[in-house]
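> Provided below are the primary sequence and the corresponding predicted coordinates.
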Number of protein chains: 4
Amino acid sequence: ELGGFIEEINNVTPEYVRSFEFDSKLMPSTWIVVRIDGCHFHRFSEVHEFVKPNDDRALNLMNLCAVAVLEKFWEDIVFAYGVSDEYSFIIKKTSNLYQRRANKMVSAIVSFFTSTYVMRWNEFFPQRELKYPPSFDGRAVCYPSTEILRDYLSWRQVDCHINNQYNSCFWKLVASGKSKREAQNSLKGGQLQKKIEELAIDYNKLPVMFRQGSSVYRDKVDTVLTHEENGNSFESKGKVIVEHVDIIGPTFWLEHLNVLDE
Amino acid sequence: ELGGFIEEINNVTPEYVRSFEFDSKLMPSTWIVVRIDGCHFHRFSEVHEFVKPNDDRALNLMNLCAVAVLEKFWEDIVFAYGVSDEYSFIIKKTSNLYQRRANKMVSAIVSFFTSTYVMRWNEFFPQRELKYPPSFDGRAVCYPSTEILRDYLSWRQVDCHINNQYNSCFWKLVASGKSKREAQNSLKGGQLQKKIEELAIDYNKLPVMFRQGSSVYRDKVDTVLTHEENGNSFESKGKVIVEHVDIIGPTFWLEHLNVLDE
Amino acid sequence: ELGGFIEEINNVTPEYVRSFEFDSKLMPSTWIVVRIDGCHFHRFSEVHEFVKPNDDRALNLMNLCAVAVLEKFWEDIVFAYGVSDEYSFIIKKTSNLYQRRANKMVSAIVSFFTSTYVMRWNEFFPQRELKYPPSFDGRAVCYPSTEILRDYLSWRQVDCHINNQYNSCFWKLVASGKSKREAQNSLKGGQLQKKIEELAIDYNKLPVMFRQGSSVYRDKVDTVLTHEENGNSFESKGKVIVEHVDIIGPTFWLEHLNVLDE
Amino acid sequence: ELGGFIEEINNVTPEYVRSFEFDSKLMPSTWIVVRIDGCHFHRFSEVHEFVKPNDDRALNLMNLCAVAVLEKFWEDIVFAYGVSDEYSFIIKKTSNLYQRRANKMVSAIVSFFTSTYVMRWNEFFPQRELKYPPSFDGRAVCYPSTEILRDYLSWRQVDCHINNQYNSCFWKLVASGKSKREAQNSLKGGQLQKKIEELAIDYNKLPVMFRQGSSVYRDKVDTVLTHEENGNSFESKGKVIVEHVDIIGPTFWLEHLNVLDE
């Protein structure tokens, strides 16, 4: 029986079948951003009763997954920025992760993130079982200079800010008895800052995580000390930390030159 | 504070930042194969004490995940073939899933597969906790004709067969007291069929799942009947089933013309 | 002096510099269309006083260049279709020309076409010197099946037909004393067939080259005879011919099965 | 007749046929190098009796074509480097030529270069007719930083140097009565610098064009003056000049900061 197996496909070589595979290698010496997004998380957040407009358990679970990603891919990923159900991972210019093949790189990161999300879910939602498997999709984008990479990150943080203003107003209106449709209409085309004042939302009192998203990176200082103490010569990875800071202005980057150090 | 946010990035438009995104759209009217592979599953299978050379609990979990993928993406994925820690999903020629963007498509499928794997793990390994998050990577390949697609699937099933012969011999040798290195050396360059006879392995008695892998597809017959009964006009999805059959010869495909029906 | 040359670039290996090169290999087993278009030929045709709406000297020069391309790339290009200042070359599915690298393939074909155009110009325009160097650009598109390839060719021939109807009306109006702008306005949104009747253009009397474009391919019949006579065994290339025929309907293709023979 | 035309292809929309076209847009904000090479110029140079190892008429024709390319694409191409039958054109980071579509960009530049080569041939070879149409192929590569772009250029100039040393020795040996095969063997594996001394080649006396290739760029100085004189405000293009200089060391670039000015 088994012999027949092989004979029947004699004319087709694995080389021929493999010739259809294509390299989607990302350009060397460029920053790679792998951005992941929850698939249909609008519905997922409803089914699992997330607090609106921001559920800090859900956000902290996202952050924990991002930390896990930075720990696992510590040689390649130097920074991550997350807001809502999205996370952007910054892969350093010199990385050769999966030979920079886009599909493999994106899918491996998304898969590990997802796996961690499901495994650690009940630490954040102890009373609530997952009703169905959550999933994320991802994509990769290259940026040829640190300047444009920072423009990308600024864009995401501005988006965080605008969405948060909008959602704060929207859910305040809903809480006040309006239907979702009425709330939506009342926010159409208007200036968000004005609306915030009208609705008496003390925006700057909102938790900084909601307003500025989460930045994940390696804190180098402590680990260098440890390093000297034991006289060990392997390169320290640093502890991965989560902070909620302004990444648009220069301050953060000047104080953390090592993060995007080329 | 917030106003400053926006002003500082005035010169950078989202359009500019987004201009770096690139389409990796897969060619229309071609079969797409999304193949996923376990990341470092050699180690994962040792840590989680999989039975060697084949652990039917692990394989059945893989199969269950593949069934879940076909149920979720029922409009686009028509067939899947799995062996060991890999699975190939066949997306139909006319599919416009994620506008055929490779990164999104691959990552979404890999993510959902992973999510299901973790959520359903303890149905198959009830006494064994996951020690760390398992992950998979994926890639996409296009095939312009059904003939070449079938060559691809034949290649995977031949690979299943060869690997299974090798592993059956290897673990029999180890069971007989040889070290892994000795077992490896004794199999180098030799003809596997001869070795199988020498080692008195009754190969054809091995479970067919080990020898032929798992084929996952929709069984149309029953559902068409149901369909007629209630006079309902929406297209029936069919029940997704797992079988262990020869997909190299023409028989299976002739009996299931609908599966790769263009 | 020369030693310094080498030393200064010691740290940069050719491998590093070459790692930025990327493969743009076109999918195997698909038809490749390389389509070339005149760059700014509107102006070129005015400066060189082409007859309007169709200049048969200019078209015949294009055709001669296409024949030269088919003769040079006789192992790879099986058909070409041209109209106005554009030409589409059909490269067979099994071709491995330039390892199917798009940039090389397109540029080599465009370059040879251009070179022939300039060298042979004065055979068609004996009294008129080239005033500046004409140029063409090109692109490549893959089609996974013969059916879609024929759809592509049909699309080009329909375009030829529509443009020719439009231009026949336009230049008739201009000849009758209208300004170009008036002619344009009078044709806006109207039905071309009706306009043709109004303007008493005997459309079907126009040369068939203007109405159906030019098809270039190898005529196999004669050459097979020659072949038998001298008992030579090398594969005959066939004579490359230019015809003006309907390539939308099935007749042409049924009578020339060998052309797109897979 | 014509109506039938349209009806027959009713089911195929141009949109469908065009959906197979793909964008090969080159990454924004990166330097693009379009490198063209003579196709089979070994044979071309023999048929047209080029002087060996370097024919200055042939090189000057190449240079003239490069100057024409820089004049035509003056908004996009800022530098070119040529040696033998190859030329590299540097397209600036901010260029949006052909929306950065690789195939169009490469083919248009190659086509114009070819066209100029044929048109101007007899200025350099007045007694020698072109025996057949010469052609060139091209490719595009992106470099994310000026540093790596300069590494690319250095690599080409080193190549020029090594090839010229080799060819100088080779043709001296042939001139001394050796066969080409003997000459080739005698140079195998040896150190070129030593061979040059043995053969008493006064290498540094060879024309600098042979040793350093040709650099083509816009000379800004004069034109800025002209500019001021007439008080005209449009940006001056500068005169395109050809020089034979060291482009590996920093001197040239420091003296011509404007060339690669970002």
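Perfect, thanks for sending it.
> for the rest of this, base every contact and every neighbour count on C-alpha atoms.
OK.
> number of nearby residues for residue A:159?
Counted with other Cα atoms under 10 Å in any protein chain shown, the neighbours of residue A:159 add up to 16.
> doesn't it fall inside a strand?
No - per DSSP: H, G, I helix; E, B strand; the rest coil, residue A:159 lies outside any strand segment and is helix.
> what's the separation between it and chain C?
In this structure, residue A:159 and chain C are 33 Å apart, going by Cα to the nearest Cα, to the nearest Å.
> again, but for residue A:254
Using Cα to the nearest Cα, we find residue A:254 at a distance of 30 Å from chain C.
> backbone dihedrals for that residue, both of them.
Listed backbone geometry of residue A:254 is phi -70, psi -30, with angles given as degrees, to the nearest 10.
> now swap in residue A:170 and tell me
For residue A:170, the backbone dihedrals are phi -60, psi -50 (criterion: degrees, to the nearest 10).
> ok, residue A:242 next?
Summarising the backbone geometry of residue A:242 under the convention degrees, to the nearest 10, its torsions are phi -120, psi 130.
> which residues are in contact with it?
Counting by Cα atoms under 8 Å, 6 or more residues apart in numbering or on different chains, residue A:242 touches A:63, A:67, A:214, A:215, A:216, A:217.
> gap between it and chain C?
Distance from residue A:242 to chain C, counting by Cα to the nearest Cα: 35 Å.
> returning to that earlier point: of the contacts of residue A:242, which belong to helices?
In this view, the contacts of residue A:242 that belong to helices under DSSP state H are A:63, A:67.
> by neighbours, which of the contacts of residue A:242 wins?
residue A:214 (28 neighbours).
> these two touch, right, it and residue A:246?
No - using Cα atoms under 8 Å as the test, residue A:214 is too far from residue A:246 to be in contact (9.7 Å).
> tell me the contacts of residue A:253?
The contact partners of residue A:253, by Cα under 8 Å, 6+ apart, come to A:247, A:259.
> in a helix, it, correct?
Yes - secondary structure of residue A:253, determined by three-state DSSP: located in a helix.
> what's the pLDDT at it?
In the prediction, the pLDDT value recorded for residue A:253 is 96.
> return the distance of it relative to residue A:154.
Residue A:253 sits 12 Å away from residue A:154, taking Cα to Cα, to the nearest Å as the criterion.
> what residues do these two have in common as contacts?
Shared contacts of residue A:253 and residue A:154, defined by Cα under 8 Å, 6+ apart, are found at residue A:247.
> show me which helix or strand of chain A is least confident by mean pLDDT.
Of all regular secondary-structure elements in chain A, judged by mean pLDDT, DSSP states H and E, the least confident is helix A:2-8 with a mean of 45.
> average pLDDT for stretch A:63-83?
This predicted structure assigns stretch A:63-83 an average pLDDT of 97.
> is it up against chain B anywhere?
No - contact check for stretch A:63-83 against chain B, using Cα under 8 Å from any Cα of the partner chain: none in range, with a minimum separation of 9.9 Å.
> tell me the span between the first and last residue of that stretch.
End-to-end distance for stretch A:63-83, by Cα to Cα: 9 Å.
> any low-confidence regions in the stretch 101-250 of chain A?
Low-confidence segments of the stretch 101-250 of chain A, defined by pLDDT under 70, are located at A:221-237.
> which residues in the stretch 51-200 of chain A form strands?
Under the criterion DSSP state E, counting those that start in this stretch, the stretch 51-200 of chain A contains strands at A:77-83, A:86-91, A:136-143.
> fine by me, we can end here.
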